[in-house]
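1. Okay, here's the prediction I keep looking at, along with the sequence it came from:
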Amino acid sequence: MTARTVAGIGTVGFAGLGNMGLPMARNLLGAGFAVTGCDLQESRARAFAAAGGTVAATAAEAARGADAVLTMFPGGEDVRRAYLEAGGILDSAAAGALLLDCSTIDVAAAREVAAAAAERGFAMLDAPVSGGVAGAEAGTLTFMVGGDAAAFARAGPLFAAAGKNAIHAGAAGNGQAAKICNNMLLGVSMVGTAEAFLLAEKLGLTTQAFFDVAAVSSGQCWSVSQYCPLPGPVPASPANRGYAPGFAAALMLKDLRLARQAAEECGAATPLGAHAADIYEKMNAEGGGGEDFSAVVNLIRRLRS
C-alpha cells in the first residue's frame with residue numbers, strides 16, 4: 001500500500017509502543033501513514049509488526065528518514081536521553097523532520113529538549129495527551145500542544161489520525177503545563193467526588209440517588225458524570241469492572257508530583273493539589289498503583305472504616 005502523504009508527512013517514526021503508544025501507532029497506520037516503530041519490549045514490537053508497522057531496533061533508527069517523529073516515554077530523563085544523547089534522535093532525524101513528544105514530563109525537560117531541537121534546525125512540539133488507553137485505542141485523544149504555530153498546523157493530520165482534539169497552548173513546554181494542570185484538577189476532583197459519595201452513603205443515600213442529584217447540580221464534574229468512582233450509575237466507569245485501569249493510580253501520582261514540582265519552581269500555591277498527591281502516595285504505597293485512579297474511593301473508605 002502506498003503511504004499517505006499529507007502536509008509533507010508520509011513516513012512516521014514512533015518510539016515507545018507501550019499502552020498508549022501502540023494504539024496510537026496503529027491508528028496512524030490505519031490512516032495510511034507508513035510507520036516505523038521501536039520499543040524495548042519485544043512483545044510490543046511484535047504486536048506493532050502484526051498491525052503492519054516496520055520494526056526498528058532503536059529510537060534513532062525509527063527516526064532515520066522519517067518526515068515526522070513521535071515519542072511516547074515514561075519520563076523526562078527518557079526523553080532527554082532519546083533526543084539529546086550522541087547518536088540519538090537529533091543526530092539521526094532527517095533535515096526538516098517534525099518532532100513531537102507525546103510523553104507527559106516536566107515542563108523544564110520539555111523546554112530543554114525543544115531548545116536543543118531548535119538549535120539543530122528542527123521544529124518540535126510537546127504534545128501530551130488526555131483520554132487514557134481507551135482514548136488511544138478509539139483515536140479520540142486530546143492533544144495539548146506547545147510549540148511553534150506553523151509546526152502545530154503541520155502536525156494536524158497526525159493529530160487527526162490519533163485523536164479527536166488538538167489544542168495549541170502556546171510556546172514550547174506549554175503543552176506539558178496544560179497537561180499537568182488539567183491532571184492536578186482531575187486528581188483533586190476525584191478525591192472530592194469519592195469523599196462526597198462516601199459521605200452520602202453514610203448519611204443514608206444510595207449511590208444512584210446521590211449520582212442523580214450531583215450529575216445535574218452544582219457538584220457536577222467529569223469525575224461524577226463520566227467516571228463515577230462507585231459501581232452502578234456509570235456503566236463504562238472502571239468501578240464497574242473491578243477498577244481495571246483506564247488511567248492507573250501510579251500515573252495519576254506521577255502527574256501530581258509533576259504539578260507539585262512545577263508549583264514549587266514557579267512559586268504557585270497548590271494546597272489541594274499537594275494534598276491529593278499525598279493521598280495518591282498512600283494509595284500507591286499500599287499497593288494500589290496498578291488500579292484505576294478512581295479506586296482511591298476504597299482508600300478513603302478504609303480511612304474511617
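-> Yep, that arrived.

2. G287 is in contact with L299, correct?
-> No: using Cβ atoms under 8 Å, L299 is not in contact with G287, being 10.6 Å away. Glycine gets a C-beta too; all of them are placed from N, C-alpha and C.

3. Who has more neighbours out of the two?
-> Remark: of L299 and G287, L299 carries more neighbours, 19 against 8, as counted by other Cβ atoms under 10 Å.

4. Flag the shaky bits of this protein, pLDDT-wise.
-> 1-4, 6-7, 305 (pLDDT under 70).

5. Break it into its domains for me.
-> 11-171, 178-303 (automatic domain parsing).

6. gap between the first one and the chain center?
-> In other words, domain 11-171. Mean C-alpha position of domain 11-171 versus that of the full chain (Cα atoms, centre = their mean, to the nearest Å) differs by 12 Å.

7. now do the last one
-> In terms of Cα atoms, centre = their mean, the centre of domain 178-303 is set 17 Å apart from its chain centre.

8. Tell me the buried residues in stretch 226-237?
-> 227-230, 233-234, 237 (16 or more other Cβ atoms under 10 Å).

9. Name the residues contacting each of L299 and G287.
-> Residues touching both L299 and G287 (Cβ atoms under 8 Å, 6 or more residues apart in numbering): none.

10. what residues does the helix or strand where G13 lies touch?
-> According to DSSP states H and E, G13 maps onto strand 11-15. Contacts made with strand 11-15 from outside it, assessed by Cβ under 8 Å, 6+ apart, are listed as 3, 21, 24-25, 28, 33-39, 53, 56, 59, 62-73, 82, 89, 93, 158.

11. On the C-terminal side of it, identify the next helix or strand.
-> helix 21-30.

12. Show me what secondary structure element comes after that next one.
-> strand 34-38.

13. what angle separates that next one from strand 11-15?
-> Here the directions of strand 34-38 and strand 11-15 differ by 20 degrees (axes from the mean of the first three to the mean of the last three Cα atoms, to 10 degrees).

14. For the stretch 151-300 of the chain, which segments count as strands?
-> 163-170 (DSSP state E, counting those that start in this stretch).

15. need the contact list for the closest residue to V129 other than its chain neighbours.
-> The shortest distance from V129 to any non-neighbouring residue, by Cβ to Cβ, 6 or more residues apart in numbering, is to L141 (4.4 Å). L141 sits next to 24, 129-131, 135, 162-165 when contact means Cβ under 8 Å, 6+ apart.

16. Quickly list what the spatially most central residue of the chain is bridged to.
-> For the chain, V129 is the residue whose C-alpha lies nearest the centre (Cα atoms, centre = their mean; 4.0 Å). For V129, the beta-bridge partners are F143 (DSSP bridges).

17. could you measure it against C228, distance?
-> According to Cβ to Cβ, to the nearest Å, V129 and C228 sit 23 Å apart.

18. What about G246, how many residues nearby?
-> Other residues close to G246 by other Cβ under 10 Å number 18.

19. Quick check: which of the domains of the chain is buried the most?
-> Neighbour counts (mean count of other Cβ atoms under 10 Å) averaged over each of these peak at domain 11-171, with a mean of 21.

20. gap between the two ends of that one?
-> 26 Å (Cα to Cα, to the nearest Å).

21. what does stretch 36-55 give?
-> Span of stretch 36-55 from end to end, Cα to Cα: 6 Å.

22. Other residues contacting that stretch?
-> Under Cβ under 8 Å, 6+ apart, the answer for stretch 36-55 is 11-18, 21-22, 25-26, 29, 34-35, 56-59, 61-62, 66.

23. Next: stretch 77-91.
-> 15, 59-60, 63, 69, 71, 73, 99, 101, 103, 105, 109-110, 112-113, 116-117, 120, 122.

24. Now with 6 Å, please.
-> 59-60, 63, 73, 101, 103, 105, 113, 116, 120 (Cβ atoms under 6 Å, 6 or more residues apart in numbering).

25. With stretch 174-186 instead?
-> Contacts of stretch 174-186 (Cβ under 6 Å, 6+ apart): 104, 107, 110, 126-128, 144-146, 169, 255, 258-259, 262, 273.

26. which one of those residues is nearest S217?
-> G273 (24.6 Å; Cβ to Cβ).

27. Is it correct that that closest one is in contact with A259?
-> Yes: between G273 and A259 there is a contact under Cβ atoms under 6 Å: 5.3 Å.
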